[in-house]
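Peer 1: no letters, just coordinates:
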């Protein structure tokens with residue numbers, strides 16, 4: 001199912017911007033051969049090209065959403081998740097160092113950990129991270145598993161501008177409101193349902209399973225969730241706990257390829273990304289994690305960063321060998337709607353490469369064709 005007339009009307013109400021007037025922001029690209037390289041220097045060079053970090057983070061709380069999709073026990077070819085489908089601890093450490101150097105007053109790493117409401121630190125340890133080493137990078141680094149209330153006293157409602165396409169608002173862990181700067185640290189990957197998963201798709205994981213999970217409560221949140229969000233966000237087979245707003249139209253398509261791109265776009269509108277970082281040093285092609293058949297190892301050796309998620313993801317899609325403006329039916333969106341175009345029509349940014357200034361390594365020199373990489 002493609003974008004319908006009702007969606008266009010909803011988006012038009014959300015923002016008067018069109019694809020031609022949506023803001024385009026520069027994107028920095030760097031070549032990095034391995035995680036043994038000086039990640040701090042690479043990231044610093046990229047942020048310097050973008051105008052620096054200090055003006056964005058000095059004396060501010062910075063929250064970094066990691067990408068830790070799927071259980072740490074699920075590994076591809078026995079390799080550490082960080083070199084296949086997870087965020088890498090060296091990236092996290094380099095970013096924390098730069099944020100502290102730039103004057104951030106608080107640095108918090110977050111993720112809605114798959115199948116648990118336990119401490120994020122334990123999940124990271126299970127994933128092979130050296131948590132103490134990361135904590136030593138900057139004073140007072142915080143961690144929060146946003147799959148439930150965590151360290152907060154209540155959930156915070158984030159309204160979707162214009163009313164949304166699937167949900168009009170989302171109830172989220174306090175960490176996504178109790179911050180000045182929101183960072184998405186993503187992995188450069190294909191996605192079985194959404195075509196690609198970059199900085200914007202990473203935000204799909206901010207929804208707490210306590211409310212949006214398969215085992216969420218009917219009325220109140222289940223503060224000890226053990227399952228994901230398949231029945232609510234992917235398939236629409238149940239509604240979230242009643243503390244959250246229900247769907248705008250429970251009769252709309254239940255097709256994951258229809259729902260997930262729209263939920264991703266409206267989550268980005270409700271909780272905008274201030275800094276987008278995409279790790280393509282080492283990754284996988286063919287899908288987002290080991291549960292996808294046909295996965296293959298890949299070493300694009302590339303990093304991307306930008307201050308607009310739509311523009312950064314557009315450049316990321318191009319680096320992967322895809323047209324970021326491709327419509328449903330064309331690679332990589334053969335079976336799904338293009339989240340980039342949905343977000344662009346909501347006025348979140350431009351996916352038009354002609355409008356995006358690329359700083360550092362040109363796209364053609366960074367390109368690693370994912371479809372030919374197997």
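Peer 2: Thanks, I have it. Keep in mind that what you see is a predicted model, and the values were worked out from it rather than measured. Residues are numbered from 1 along each chain as shown.
Peer 1: contacting residues around residue 276?
Peer 2: For residue 276, the contacting residues are 183-184, 186, 198-200, 304-309, 312-313, taking CB atoms under 8 Å, 6 or more residues apart in numbering as the criterion. For every residue, glycine as well, the C-beta is placed using N, CA and C.
Peer 1: among those residues, which ones are in helices?
Peer 2: The subset of the contacts of residue 276 located in helices under the criterion DSSP state H comprises 309, 312, 313.
Peer 1: which of the residues you listed lies closest to residue 76?
Peer 2: Minimum separation from residue 76 among the ones in helices among the contacts of residue 276 (CB to CB) is found for residue 313, which lies at 23.2 Å.
Peer 1: got a pLDDT number for that closest one?
Peer 2: Reported pLDDT at residue 313 in the predicted model: 98.
Peer 1: tell me how far the closest residue in space to residue 177 that isn't next to it in sequence lies from residue 272.
Peer 2: The shortest distance from residue 177 to any residue other than its chain neighbours is 4.1 Å, reached at residue 156 (CB to CB, 6 or more residues apart in numbering). The gap separating residue 156 from residue 272 is 15 Å, by CB to CB, to the nearest Å.
Peer 1: identify the residues contacting residue 227.
Peer 2: Shown in contact with residue 227 (CB under 8 Å, 6+ apart): 115, 209, 213, 214, 215.
Peer 1: wait, is it part of a strand?
Peer 2: No: residue state for residue 227 (DSSP: H, G, I helix; E, B strand; the rest coil) corresponds to coil; a strand is not indicated.
Peer 1: pLDDT value on it, please?
Peer 2: The predicted structure scores residue 227 at 90 on the pLDDT scale.
Peer 1: quick check: which element contains residue 45?
Peer 2: Using DSSP states H and E, residue 45 sits in helix 39-49.
Peer 1: next: residue 121.
Peer 2: Using DSSP H and E, residue 121 falls within helix 120-126.
Peer 1: name the helices or strands packed onto the helix or strand following that helix?
Peer 2: The C-terminal neighbour of helix 120-126 among helices and strands, as given by DSSP H and E, is helix 131-135. If contacts are counted by 3 or more CB pairs under 8 Å, 6 or more residues apart in numbering; DSSP states H and E, helix 131-135 sits against helix 89-101, helix 120-126.
Peer 1: can you check which of those gets nearest to residue 265?
Peer 2: helix 89-101 (25.1 Å).
Peer 1: any idea of the mean pLDDT in the closest one?
Peer 2: Averaging pLDDT along helix 89-101 yields 97.
Peer 1: buried ones in it?
Peer 2: Under the neighbour-count criterion of 16 or more other CB atoms under 10 Å, helix 89-101 has 89, 90, 91, 92, 93, 94, 95, 96, 97, 98, 99, 100 buried.
Peer 1: so which of these comes closest to residue 294?
Peer 2: When those are compared for distance to residue 294 (CB to CB), residue 91 comes out closest, at 25.9 Å.
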